[in-house]
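Trainee: Using only what follows, build the 3D model:
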Amino acid sequence: MCGDLAVSMVRRVTTRRAVMAALGIAAAFVPRPVAAQAPGVETLDVRTVSTRPDTVSGGEVLVQIAVPRAAAPDRVAVTLNGRDIRSAFRPGSQPHILLGLVSGLSNEPNQLQVAAPGQRRVQMTLVNHPAAGPVIAGPHQTPFVCETEAFGFGKARDGDCTVETRVEYFYRTKAAATAQLERPGGNSAAALAAVDAAPPRPGGGNGRDAANPFKPFDPNAPRPADLAETVTSDGRTVPYIVRREMGTINRAVYVIAFLHEPGTPLPDPWTPTPGWNGRLIYSFGGGCRAGYHQGRSIGGLSANRSYLEESQLGDYAIARGYALAGGSLNVFGTTCADVISAETMMMVKEHFIERFGAPRYTIGSGRSGGSMQQHLIANNYPGLLDGIIPTASFADTMTFLVPLYDCELLDRAFSTSALSWTDAQKAAVAGHVSYAYCGRNGTQYPNMRATNCDPDALPAGLVYDPKTNRTGARCTYQDNLVNVFGRDPQTGFARRPFDNVGVQYGLRALNEGTISVDQFLDLNRRVGGHDIDGGIVPERTVADPQALRIAYETGRLNDASGGLSAVPIIDVRPYTDGDDDVHDIVASHITRARLAAANGHAGNQVFRVYAPGTPIQLAQRYTLDAMDQWLSGIARDSAPARSALDKVVRNRPVNLVDTCYTAALEPVTDPGRCRAMFPVAANPRLVAGSPLALDRLKCEVKAVDRADYRVSLTDAQLASLRQVFAGGVCDYSRPGVGQRAPQTGVSTARTDRGGAETWLAFPRAGDANRLARTE
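Mentor: Down below sits the predicted model:
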């Protein structure tokens with residue numbers, strides 16, 4: 001985008017691979033903190049710091065002006081819509097840098113002009129949006145239920161669930177503080193058992209459901225005798241007092257928290273403070289369910305810890321000086337819509353930067369559905385997240401859902417079959433270590449059913465009913481993302497991207513001799529598919545062709561070729577294969593296969609696998625330290641690099657390699673031993689022949705060929721097989737139907753939604769914060 005200086009809203013569509021070469025120049029969304037912007041420019045350089053110029057919200061934006069050495073900063077003139085606003089700008093952290101909070105923006109395009117003697121004038125268009133949104137996710141979802149009372153706010157003031165912002169202070173007690181333990185590798189089982197029995201502590205809460213160790217702090221009262229101290233990552237000893245801000249942005253309840261001693265200055269864009277170490281952790285919550293409500297949890301922050309602990313990190317992050325942030329629409333259990341999550345994060349981070357300053361870098365954290373958000377946001381909205389720590393991860397939502405939809409179909413096929421199926425045979429077809437995975441999870445996740453909305457949030461009268469309320473809220477994955485997929489003109493419902501035509505369920509089990517030909521035929525004859533409401537029908541599921549195109553082009557199927565290809569990833573996997581937990585380890589390997597396809601390698605991703613029962617919050621604090629070391633190295637590295645990925649790989653700490661851990665946190669780096677300790681299984685589509693990347697939403701088909709099977713087929717069996725697959729079987733040697741590289745700058749003007757625009761990915765991975773025109 002750096003060449004499009006006269007453009008304020010870019011709509012050019014470019015393939016993601018072509019654009020990613022520009023990643024070595026600058027991030028796409030939020031630039032590095034002001035101190036990292038090198039001075040010495042030859043002309044006036046104007047850029048937004050808190051957000052892109054075309055995604056401003058809440059009426060204000062932080063703007064940086066780099067002044068040439070030949071010009072005097074005090075002679076710079078700045079106007080907004082013709083009004084002098086020079087007084088809003090003050091010197092930044094480097095010479096010839098001015099930083100200003102530009103406020104009073106209207107919801108129409110605003111013209112910012114910057115001039116200096118002897119310099120060409122620069123004009124930038126700032127496009128403001130309401131603090132309640134929307135900005136990039138399209139028209140707000142309706143109906144929408146406010147749940148502000150769940151957070152102690154009382155009733156919302158309006159239909160956007162607005163509340164008054166609330167700031168409170170909490171402190172950690174000395175009784176909750178214990179000594180730090182040594183690093184993994186020197187921890188005995190006895191020491192770890194002691195940790196597990198100990199109360200939560202600064203620098204490593206153990207996740208026990210103990211009493212809240214944070215107490216309300218009254219700034220006007222005498223200091224509590226049991227007030228603890230903590231040491232931040234930069235070595236500062238400060239009182240363990242936390243400032244917590246809660247309010248609403250984009251109809252979500254948000255939290256921002258960091259160490260701060262009342263009575264001392266807060267950090268701001270110009271001045272740091274001792275409590276905040278300059279780093280931000282953005283927390284994402286798990287689950288996966290359709291929305292239509294505000295939510296009753298915030299990211300992955302722990303409600304029983306006053307939202308001051310991150311569920312995967314305990315209090316280690318806040319105790320070390322990191323700021324925490326999250327929103328109730330960053331919880332996939334509230335709304336499994338990554339575009340809404342990205343929009344909410346973008347707006348909350350913008351608010352954070354405008355109030356407290358640009359973070360040195362932002363790290364994502366979250367488990368399961370929280371991992372999907374991290375992967376999708378890092379790939380499709382580059383610059384929002386600088387590094388991610390996904391736990392129990394999946395590459396994206398669709399990759400998570402497809403095997404579960406298959407499980408439901410398989411479970412019904414097995415239960416209705418007249419043939420005998422052993423549990424081992426069922427597991428071989430499903431691909432999992434235990435068939436309990438399918439037996440329990442095939443119907444647990446309700447995203448296929450149009451009527452499976454959250455009954456605790458959405459009144460029954462608002463929910464779709466095929467007979468009595470066909471215009472009600474539909475709770476399928478695609479209906480929750482109708483702004484992305486659009487509506488099928490025949491049904492009026494969202495276009496569906498799911499498909500199982502030609503899928504040979506159990507193919508590997510057949511070829512390995514685990515199931516018979518008759519079982520294979522019977523299974524595929526009766527497996528069926530889902531209708532538009534999610535009911536099981538005899539026919540296979542057929543994807544909407546436009547939905548397939550949209551899923552690939554907009555990055556809803558995350559191929560890892562966008563921002564994710566150059567973001568440090570530490571993938572944390574508590575091993576659960578063998579029970580009925582849905583978080584199988586193969587999901588991490590699917591993501592790695594996509595990174596390898598995008599980059600030629602996966603050098604920006606590191607695996608950490610833990611044995612069942614590991615005190616995960618203890619383990620995670622070492623992961624956070626490693627990510628901090630990794631990102632700090634990248635930030636310090638000013639040497640030339642062919643690409644951002646090269647810089648990421650060369651700054652990965654030498655001891656940060658794929659590692660698995662015993663229950664005593666003893667590290668193992670030998671790949672063969674790790675595979676033996678934690679075997680990698682599969683899922684129904686992989687057993688059916690899909691490549692590991694699992695990126696064919698709908699396969700191209702070919703005619704049934706006897707030579708493709710490693711078992712003997714009689715002529716009658718071959719005829720039956722051709723009858724079952726009359727349209728052909730999947731040909732995974734070819735790309736999927738509609739499969740293509742993601743595209744950037746994808747916007748849609750929905751005539752069926754009043755013409756409102758939906759940004760499905762940021763327009764370009766480049767210097768996107770310099771949408772300015774030089775005159």
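
Trainee: Once you drop chain neighbours, what's closest to Gly736?
Mentor: With sequence-adjacent residues excluded and distances taken as CB to CB, 6 or more residues apart in numbering, Gly736 is closest to Arg696, at 3.4 Å. Yep, even glycine has a C-beta here, placed from its N, CA and C like the rest.

Trainee: Kindly report the same for Phe607.
Mentor: If the residues on either side of it in the chain are set aside, Phe607 comes closest to Asp658, at 4.4 Å by CB to CB, 6+ apart.

Trainee: The one you found and Pro671 touch, don't they?
Mentor: Yes - under the criterion of CB atoms under 8 Å, Asp658 lies in contact with Pro671, with a separation of 6.8 Å.

Trainee: the more surrounded of the two?
Mentor: Asp658 (17 against 12; other CB atoms under 10 Å).

Trainee: which residues touch that one?
Mentor: Val606, Phe607, Arg608, Thr669, Pro671, Cys674 (CB atoms under 8 Å, 6 or more residues apart in numbering).

Trainee: Return the subset of those residues lying in strands.
Mentor: Secondary structure assignment (DSSP state E) places Val606, Phe607, Arg608 from these within strands.

Trainee: residues near Arg355, how many?
Mentor: Residues within reach of Arg355, counting by other CB under 10 Å, total 17.

Trainee: Quickly find the element holding it.
Mentor: Per DSSP states H and E, Arg355 falls inside helix 338-356.

Trainee: Which neighbouring elements make contact with that helix?
Mentor: For helix 338-356, the helices and strands in contact under the criterion 3 or more CB pairs under 8 Å, 6 or more residues apart in numbering; DSSP states H and E are strand 56-57, strand 60-66, strand 241-249, strand 252-259, strand 279-284, strand 323-327, helix 369-380.

Trainee: what angle sits between it and strand 252-259?
Mentor: Using axes from the mean of the first three to the mean of the last three CA atoms, to 10 degrees, the direction of helix 338-356 lies 40 degrees away from that of strand 252-259.

Trainee: follow-up on the earlier one: neighbour-wise, give me the winner out of the ones in strands among the contacts of Asp658.
Mentor: Sorting the ones in strands among the contacts of Asp658 by how many neighbours each has (other CB under 10 Å) puts Arg608 first, at 25 neighbours.

Trainee: circling back to that earlier point, of the ones in strands among the contacts of Asp658, just say which sits nearest to Arg650.
Mentor: When the ones in strands among the contacts of Asp658 are ranked by distance to Arg650 (CB to CB), Val606 comes first, at 14.4 Å.

Trainee: Would you agree the residue nearest to Gly736 is in contact with Ser733?
Mentor: No - with the criterion set as CB under 8 Å, Arg696 and Ser733 do not qualify as a contacting pair; they are 10.7 Å apart.

Trainee: Comparing those two, which residue is more hemmed in?
Mentor: With neighbours defined as other CB under 10 Å, Arg696 and Ser733 compare such that Arg696 has more, 25 against 9.

Trainee: So for that one, what's the pLDDT?
Mentor: Predicted confidence (pLDDT) at Arg696: the value is 98.
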